[in-house]
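**Q** After the sequence you'll find the predicted model.
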Amino acid sequence: MAKIHGNIFTLWFGWAPVVVLNGFQAVKDGMTTHPEDVSGRLVSPFFRAMAKGKGIMLATGHTWKQQRRFALRTLRNLGLGKKGLEHRVQEEAHYLVAFFASMRGKPLDPSFSLVHSVSNVICAVVFGHRFSREDETFHELIRATEHLFKFGGSFIHHLYEIFPWLMCRLPGPHKKALACYDVLSNFTRREIRMHTERGTPDELQDFIDFYLAHIEKSKDEPRSTYNEDNMVYSINDLFLGGSETTSTTLNWGLLYMVAYPDIQEKVQKELDAVLGPSKIICYEDRRELPYTNAVVHEIQRFSNIISVGMPRVCVRNTTLLGFPLKKGTIVLPNIASSLYDPEQWETPRQFNPGHFLDKDGNFVSQEAFLPFSVDFLDLLVKTVSARFLDYKLEAIRSCPVTCYLREETDSLLAMTSFQAVVESNEFFKLRKACKQFPPGPTPLPLLGNLVHLNFRFHRDLLMELAKTHGNIYTLWFGWTPVIILNGFQAVKDGMTMHPDDVSGRMVSPFFRAMAKGKGIILATGRSWKQQRRFGIMTLRSLGMGKKGLEHRVQEEASHLVEFFVNLKVFGYHFSDEDKTFHEMIHATENLFRFAGSFFHQMYEILPWLMCRLPGPHKKALACYDVLSSFARKEVRRHVERGIPAEPQDFIDFYLAEMEKSKDGVKPKYDEDNLVYVINDLFLGGSETSSTTLYWGLLYMVVNPDIQEKVQKELDAVLGPSQLICYEDRRKLPYTNAVVHEIQRFSNIVFVGMPRVCVRNTTLLGFPVKRGTIVIPNIGSVLYDPEEWETPRQFNPGHFLDKEGNFIPREAFLPFSAGRAQEWHKVEELGMYCPFQPLQDPVHQPPTRQYKEAYLLLKNLLENLAEEQETPSFTFG
């Protein structure tokens, strides 16, 4: 954005303007020309709720000044920046190296070990002692810290900042984050209690001792802010400020050393030459280790774990880089832009220690090296990080942040939003409407039950809600009620008692914008019926469900060099190197990735707004246009070639049908519908289908005993060279069971296609009005403990009797609650084919090229089946 708007520009968060400084010169000049004018501190609603305005990082005004001044003075007394702390860091480094050595070259995740070591340095300073790796209380503290940092910047976090008055009254991840902060506070209070019971020693040993002594000393001062609460929150700040950033930097440092072994080797040689193999490194040694010093600095620059500096607030009207700013304006320095500024660094996007070395190999400091902030560097994180990476920098106040709305704007936006909801009368309608549907969690205005779902729509969440509300319940998405059927019996009865009553098709706002109501999957009414009928008829003519298709699947299974089967649609294959085809695959992947995302859900709730805004939804629509352009080119190529007397592929058949029906009053078939039908065929046979085979191959790797049994059965029945065909499944009960269990356990389609009631009806005893959406939770059927012996385990025995014969299971509904057997036959044929190469030791393991061959056909048929269920177009 700076390339377009310049190095100082304004972003709006809701109604709050935030001035962003970009590039080293703008960051430096903007924050140092009038530093006192932009010295205000911003504390957002969530952090205000978390720390209650106490402590250091999340306090303001008089409290912040007193607590910060005391902390700096005390930490200096405890040795920060001196030899005292260096000894503690060396001790923890020794434990860390010993732990790594004990692994004897085995693979390990160093994350916890690094956090443990860094945190122990802080614990030694604050509490006066370290914690062992086995201490469960300390593990709980680390987990709470990690969860807090994960929550920061999440969607729910942003929502809290915009609607604090609402979110503070609702359940959700924000409550867990606040509970995690309480874990830190309770941990700290226990340590304080232990110190209080022990009494204050004559020679103060740690931060708590100093603070308790100062509480006693200042208890008669009227404006004193020294009390137990401020002590607790100050200690939390020290712990949070000094653990995550330092350990994350160390993680990146280890990764860079693995990725750049030549740099690691140079560091090792320099350390050996200067210090020898046994001397413990200390901070002063950096002067004799220019290359190591440069590497440490480059790790901090390139990892850039803090992309923006702490937001500042103008405390008075001022001028910033020539622009007048009013009191209260938020200013945000983009620290990353300084660390990657091409005017300051030779190769900003490369890991290059040479950035900190002159031509003679001597270390040189760089003014643009601002890994955390542009003002004075606070002492705690600076010293701890420095000693761990030989000498790191940073401050208690430095922490990853997001742009937040200031308090006044929060309140105004919140009140205005609430007023709009109440005045529209929809809030009251919502409460009244709930009584007309099966019971479920209480919805909220605008959001419905999205908060209860943690803004995710997942099988396990739906199953968990069923434990409370029963196997038929209602969820609200915005103002729209959706009835959920959970468990085999509810899904079966709900979808088969009155199937015609729930036969309507739902196309959501985003997919309506994408396909414009054309094609098969995303069409409705007369158009859908015509296109679907023609699609099924044509695909049958092309061999679907017959020996012709079986031959094609067998052919692709034996040729691993093929990337994708396009015989049915375009009439030819695409090579693995075809760039246009790669572009189409990338577009398809982006579309599936977008489905169910936050922006997708926002589009479905506020289509009138999102269609006018930029964002990932625009890119998704552009990706669909890539598929459409690709299909149009193929259609154009067929038109130029002419329709052959004997149609060869789907496009030939469709063009012939267009010619045949062109004189009708209402032509049934046109080029737009042809393009969107082709898109549906392509999309229907890509992501979900290939994912099933990926899982199948993974299960064979994880369960080698099962793979071996399949291999033995195939060898015994078919021999090493015979191609498998669909009828062979009768002679392969164990393989048949494994194929079915792969589909059951992978459960890539966890909900069925949403249905719409076409008339008033009754569903499992509940009256349901016309237009109501019904979603069967397919995942709950495949994991129903009343239907499967071990639903959460991969167990082919689910489909075998005691004698080892294959038995079908009524609860096996991997895609729908009712599907034509013809389509299921083709699906199973494809699922057998991945095992074919196992018979021939010369074959390489199945590759993606080979997997996609079968699975396009499988899901293509799934999308066209009479009881169609398409996983990619559900609520996410």
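**A** Good, I have the coordinates.
**Q** Thr480: how many residues sit nearby?
**A** Thr480 has 16 neighbours, counted by other CB atoms under 10 Å. For glycine as for every other residue, the C-beta is placed from the backbone atoms N, C-alpha and C.
**Q** State the pLDDT value of it.
**A** pLDDT, Thr480: 84.
**Q** and if you look at Ala587?
**A** pLDDT for Ala587: 88.
**Q** Next up, the contacts around it.
**A** 623-624, 626-627 (CB atoms under 8 Å, 6 or more residues apart in numbering).
**Q** gap between the residue nearest the centre of the chain and Asn486?
**A** Residue closest to the average C-alpha location in the chain (CA atoms, centre = their mean): Ser597, at 8.8 Å. With distances taken as CB to CB, to the nearest Å, Ser597 is found 24 Å from Asn486.
**Q** count of residues packed around Tyr181?
**A** Neighbours of Tyr181 (other CB under 10 Å): 21.
**Q** Can you tell me the closest non-neighbouring residue to it?
**A** Leaving aside its sequence neighbours, Tyr181 sits nearest to Met50 (CB to CB, 6 or more residues apart in numbering; 5.0 Å).
**Q** So what touches the helix or strand harbouring that neighbour?
**A** Using DSSP states H and E, Met50 maps to helix 45-51. Contact with helix 45-51 is made by 43, 57-59, 157, 160-161, 164, 168, 174, 177-178, 181, 233, 236-237, 404, 407, 410, as judged by CB under 8 Å, 6+ apart.
**Q** show me where pLDDT drops low in the stretch 751-876 of the chain?
**A** Residues of the stretch 751-876 of the chain meeting the criterion pLDDT under 70: 815-876.
**Q** just so I have it, where are all the strands in it?
**A** Using DSSP state E, counting those that start in this stretch, the strands of the stretch 751-876 of the chain run over 755-756, 761-763, 766-768, 773-777.
**Q** and Arg190, which of those is closest to it?
**A** Of all the strands of the stretch 751-876 of the chain, it is strand 773-777 that lies closest to Arg190, at 43.7 Å by CB to CB.
**Q** So what are the sheet partners of the closest one and their directions?
**A** Under the criterion DSSP bridges, strand 773-777 sits next to strand 480-486 (parallel), strand 755-756 (antiparallel) in its sheet.
**Q** in the longest helix anywhere in the chain, what's buried?
**A** Scanning the chain for the longest helix, with DSSP state H as the assignment, gives helix 228-259. Applying a neighbour-count criterion of 16 or more other CB atoms under 10 Å, one finds 230-253, 256-257 buried in helix 228-259.
**Q** continuing past it, what's the next helix or strand?
**A** Where DSSP H and E defines the elements, the next helix or strand beyond helix 228-259 is helix 261-275.
**Q** centre of the chain versus that next one, how much separation?
**A** Counting by CA atoms, centre = their mean, to the nearest Å, helix 261-275 is centred 38 Å from the centre of its parent chain.
**Q** Just want the angle from whatever helix or strand comes next after it to helix 261-275.
**A** Downstream of helix 261-275, the next assigned helix or strand under DSSP H and E is helix 290-303. Going by axes from the mean of the first three to the mean of the last three CA atoms, to 10 degrees, helix 290-303 is angled at 140 degrees with respect to helix 261-275.
**Q** how much space between Arg223 and Val315?
**A** Distance, Arg223 to Val315, using CB to CB: 20 Å.
**Q** Looking at those two, which one has more neighbours?
**A** Counted by other CB under 10 Å, Arg223 and Val315 do not tie: Val315 has more neighbours, with 14 against 7.
**Q** show me what contacts the residue nearest to the more buried one when sequence neighbours are not counted?
**A** Computed as CB to CB, 6+ apart, the closest residue to Val315 that is not its neighbour in sequence is Gly40, at 4.5 Å. By CB under 8 Å, 6+ apart, the contact list for Gly40 reads 60, 312-315.
**Q** Does Gly40 have any beta-bridge partners, and if so which?
**A** Legend: beta-bridge partners of Gly40 under DSSP bridges are Val313.
**Q** before we move on, back to that, ok, now how distant is the residue nearest to Tyr181 from Val758?
**A** According to CB to CB, Met50 and Val758 sit 50 Å apart.
**Q** Compare the two and say which one has the larger neighbour count.
**A** Set Met50 next to Val758 and count neighbours by other CB under 10 Å: Met50 wins out with 21 against 14.
**Q** Fine by me, we can end here.
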